[in-house]
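Enquirer: only the shape, not the letters, is given here:
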């Protein structure tokens, strides 16, 4: 099932379909924010870091045509502010998806990220009919941890060496929501101050585990 990425807005923040003509501006934004973003950047362990932005956009669009993703550009007052991707969309007995995102440093603190995540999550729940939305975050990424806390995503556990980030396999904390947890949309719940911040609390045992290198058991 091919997916058509919608345009969704709340106040000064809009998420809209990413387009090939966005490639140059997107590449400039990524390069200008290299120091800010690099530590959180997903990498391929079998390939060098690439800034072939056009190829990346084409891949995201192909994924949407295949029904597996929704690639968004984040705008703040009409200016490119970042990117949000809904990926791994599945239907049937699982009916779930994963959200990933980045925002330029100059737009940090303007609620661009939580608003964009809330808009995308509400769309996936109430328009696509998905059941579960997941966000995985590195333990060191305090701004992103604040996003799931604001929106009331529920902590589900530690995933060891889960995603290849900035050249190495990194641990991630996993957070999720299922639609039955919501009396209203994620955006409205947050705006009305009803999102349970404690839901995203990470147990100290998992914080300690994430701070400890994963030991390797060698076969004899």
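Expert: Structure received. Small disclaimer: the values here were computed from a predicted structure and weren't measured.
Enquirer: buried sites along the top helix by length along the chain?
Expert: The longest helix of the chain (DSSP state H) is helix 112-126. Residues 112-125 are the ones in helix 112-126 that count as buried (16 or more other CB atoms under 10 Å). For the C-beta atoms, the positions are set from N, CA and C on the backbone; glycine is no exception.
Enquirer: in JSON lines, list those along with distance to residue 207 and pLDDT.
Expert: Converted to JSON lines, the buried residues of helix 112-126 look like this (distance: CB to CB, whole Å; pLDDT from 0 to 100):
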{"residue": "112", "distance to residue 207": "27", "pLDDT": "96"}
{"residue": "113", "distance to residue 207": "22", "pLDDT": "96"}
{"residue": "114", "distance to residue 207": "22", "pLDDT": "97"}
{"residue": "115", "distance to residue 207": "27", "pLDDT": "98"}
{"residue": "116", "distance to residue 207": "27", "pLDDT": "98"}
{"residue": "117", "distance to residue 207": "23", "pLDDT": "98"}
{"residue": "118", "distance to residue 207": "26", "pLDDT": "98"}
{"residue": "119", "distance to residue 207": "30", "pLDDT": "98"}
{"residue": "120", "distance to residue 207": "28", "pLDDT": "98"}
{"residue": "121", "distance to residue 207": "25", "pLDDT": "98"}
{"residue": "122", "distance to residue 207": "30", "pLDDT": "98"}
{"residue": "123", "distance to residue 207": "32", "pLDDT": "98"}
{"residue": "124", "distance to residue 207": "29", "pLDDT": "97"}
{"residue": "125", "distance to residue 207": "29", "pLDDT": "98"}
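Enquirer: what about stretch 195-203, average pLDDT?
Expert: Averaged across stretch 195-203, pLDDT comes to 94.
Enquirer: and the contacts of it?
Expert: 139, 145, 148-155, 173, 175, 186, 189 (CB atoms under 8 Å, 6 or more residues apart in numbering).
Enquirer: can you rerun that using 10 Å?
Expert: 114, 118, 135, 137, 139, 145-155, 157-158, 173, 175-177, 181-182, 186-189, 209-210 (CB atoms under 10 Å, 6 or more residues apart in numbering).
Enquirer: narrow the residues you listed to those in helices?
Expert: Short answer: the contacts of stretch 195-203 in helices (DSSP H) are 114, 118, 145-151, 186-189, 209-210.
Enquirer: for these, work out which two are farthest apart.
Expert: Using CB to CB, the pair of these lying farthest apart is 188 and 209, separated by 35.2 Å.
Enquirer: on that earlier part again, give me the buried entries from the contacts of stretch 195-203.
Expert: Buried, going by 16+ other CB under 10 Å: 114, 118, 135, 137, 139, 145, 147-155, 158, 173, 175-177, 182, 186-187, 189, 210, out of the contacts of stretch 195-203.
Enquirer: please report how far residue 174 lies from residue 205.
Expert: 15 Å (CB to CB, to the nearest Å).
Enquirer: ok, residue 15 next?
Expert: In terms of CB to CB, residue 15 sits 36 Å off from residue 205.
Enquirer: the more surrounded of these two?
Expert: residue 15 (30 against 9; other CB atoms under 10 Å).
Enquirer: what bridges to that one?
Expert: Beta-bridge pairing of residue 15 under DSSP bridges involves residue 8, residue 74.
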